[in-house]
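> coordinates only, sequence not included:
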């Protein structure tokens, strides 16, 4: 196989590995608070919201050390061990304990930083200035399909269920754990690209150099300006990946289908991600007027989505079941559109 063919295959394998891992993890995040509310074990006092706060807090802090870890053990092993951590977090829902749930949250936060740093590294070393756009597009497209498959399973498995039984929960999370593990082992199929000539450097020097560069980058003017928008996208990601599905499942106005609609909302999020990526990608190429129209369209889309949510979802829905009557009587369609 030619070097270009080998690197393209690496990108496809990388995309499929992430698709499987995040089919499991995204589905887990979408349903975990609803599942926790249905636990029959009175000794369990964990919260999905607290868990996600721990994960993303540790994730943020660990980004400073992640480049050093990837520099020492390499991107392939970094992604594999991170994948095992993700699988372990999902597996805690099979037989949940508060201590294991929160411990796994810390571990997966560290793993997330290492995983995404390794992904960026692997994408870069398998690309050139000419192929980086194509390769990133292939990876991103495969990743977005992760929202579809897991949530499709939730929709059909939980259709008509008012309460999530222990058997329902265990069946779902055993399946998600296996899917995540398969994605993790796929990373071993990635072949090393042709090495580029560079002066030899010890592991300690590589780790220190990676840490120093991460610190230098974090205080540049460009990164400080971007940090405002990054913070907003973090809040938005937290809402649509963990909170919104819980809100839909808590709306008693949806009737017996409320729990299955969590999966359906995840499917629509995936469709929106795929369509949005395509539309904004095309607009981005038509840069006659710069990037401003792209940003403006994104802003308007967000306004419309959050306004529909404001009209149709109760303010106390994130905390538990609610009998609140929405503004729109046919509430399911606007909620899924949002």
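Sure, I can see it. Here the structure is a predicted model, which means the values were calculated and not measured.
> Retrieve the pLDDT associated with residue 213.
In this prediction, residue 213 carries a pLDDT score of 76.
> pretty sure it is touching residue 67, no?
Yes. Assessed by Cβ atoms under 8 Å, residue 213 is found in contact with residue 67 at 7.0 Å. Every C-beta, even on glycine, is put in place using the N, C-alpha and C of the backbone.
> who has more neighbours, the two?
Using other Cβ atoms under 10 Å, the more surrounded residue of residue 213 and residue 67 is residue 67, with 25 against 13.
> give me every residue that touches that one.
117, 210, 211, 213, 214 (Cβ atoms under 8 Å, 6 or more residues apart in numbering).
> just residue 208 next, same as before
With the criterion set at Cβ under 8 Å, 6+ apart, residue 208 makes contact with residue 68.
> distance of residue 237 from residue 131?
28 Å (Cβ to Cβ, to the nearest Å).
> Of those two, give the one with the bigger neighbour count.
Of the pair residue 237 and residue 131, residue 131 is the one with more neighbours under other Cβ under 10 Å, namely 15 against 12.
> buried stuff in the longest helix along the chain?
Ranked by number of residues, the top helix in the chain under DSSP state H is helix 3-37. Going by neighbour count (16 or more other Cβ atoms under 10 Å), the buried part of helix 3-37 is 7-8, 10-11, 13-37.
> Select from the contacts of residue 67 every entry located in strands.
Secondary structure from DSSP state E places none of the contacts of residue 67 in strands.
> Now, these that are in helices?
Reading helices off these with DSSP H, I get 117, 210, 211, 213, 214.
> tell me which of those is nearest to residue 110?
Residue 110 has its nearest neighbour among these in residue 117, at 11.2 Å by Cβ to Cβ.
> Just give the number of residues close to the closest one.
Other residues near residue 117 number 25, with proximity taken as other Cβ under 10 Å.
> And the pLDDT for it?
pLDDT, read off for residue 117, is 93.
> try the one 4 residues further on
Per-residue confidence (pLDDT) for residue 121: 91.
> ok, it touching residue 75?
Yes. Between residue 121 and residue 75 there is a contact under Cβ under 8 Å: 4.6 Å.
> Surely residue 9 is in contact with residue 138?
No. If you go by Cβ under 8 Å, residue 9 and residue 138 don't touch, sitting 10.8 Å apart.
> Could you list the low-confidence segments of the chain?
Scanning the chain for pLDDT under 70 picks out 1, 40-42, 160-162, 194-207, 210, 255-258, 277-278, 280-291, 324-338.
> Could you pull out the strands in it for me?
Under DSSP E, the chain gives no strands.
> Kindly tell me how buried residue 296 is, as a neighbour count.
Counted with other Cβ under 10 Å, residue 296 comes out at 11.
> How far does stretch 232-251 sit from its chain's centre?
The chain centre lies 12 Å from the centre of stretch 232-251; the measure is Cα atoms, centre = their mean, to the nearest Å.
> Kindly apply the preceding question to stretch 33-53 instead.
20 Å.
> can you check stretch 150-164 too?
Relative to the chain's own centre, stretch 150-164 is displaced by 20 Å; criterion: Cα atoms, centre = their mean.
> buried set for that stretch?
Burial within stretch 150-164, assessed by neighbour count using 16+ other Cβ under 10 Å, is assigned to 150, 151, 152, 153, 154, 155, 157, 158, 164.
> contacts for it?
With contacts defined as Cβ under 8 Å, 6+ apart, stretch 150-164 is touched by 23-24, 26-27, 30-31, 34-35, 38, 168, 171-172, 175-176, 179, 256-267, 269-270.
> likewise stretch 31-40?
44, 46-49, 51, 93, 96, 154, 163-166, 169, 172, 242-243, 245-246, 249-250, 259, 262-263, 318, 320.
> From those residues, list the buried ones, please.
Of the members of these, the ones counted as buried by neighbours, 16+ other Cβ under 10 Å, are 46, 48-49, 51, 93, 96, 154, 164, 169, 172, 242-243, 245-246, 249-250, 259, 262-263, 318.
> Among the residues you listed, name the ones in helices.
48-49, 51, 154, 169, 172, 245-246, 249-250, 259, 262-263.
> And those, which is closest to residue 82?
residue 51 (17.3 Å).
> wait, that closest one sits on residue 102?
Yes. Using Cβ under 8 Å, residue 51 is in contact with residue 102, at 6.7 Å.
> Can you give me the neighbour number for the closest residue to residue 62 other than its chain neighbours?
Once flanking residues are discounted, residue 62 sits nearest to residue 113: 3.6 Å by Cβ to Cβ, 6 or more residues apart in numbering. Neighbour count of residue 113, defined by other Cβ under 10 Å: 22.
> contacting residues around residue 113?
58, 59, 60, 62, 63, 65, 66.
> Make sure residue 52 is actually in contact with residue 28.
No. Using Cβ under 8 Å, residue 52 makes no contact with residue 28, being 10.6 Å away.
> follow-up on the earlier one: how about the ones in helices among the contacts of residue 67 in JSON lines, adding distance to residue 275?
Below are these laid out as JSON lines (distance: Cβ to Cβ, whole Å):
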{"residue": "117", "distance to residue 275": "29"}
{"residue": "210", "distance to residue 275": "37"}
{"residue": "211", "distance to residue 275": "39"}
{"residue": "213", "distance to residue 275": "36"}
{"residue": "214", "distance to residue 275": "34"}
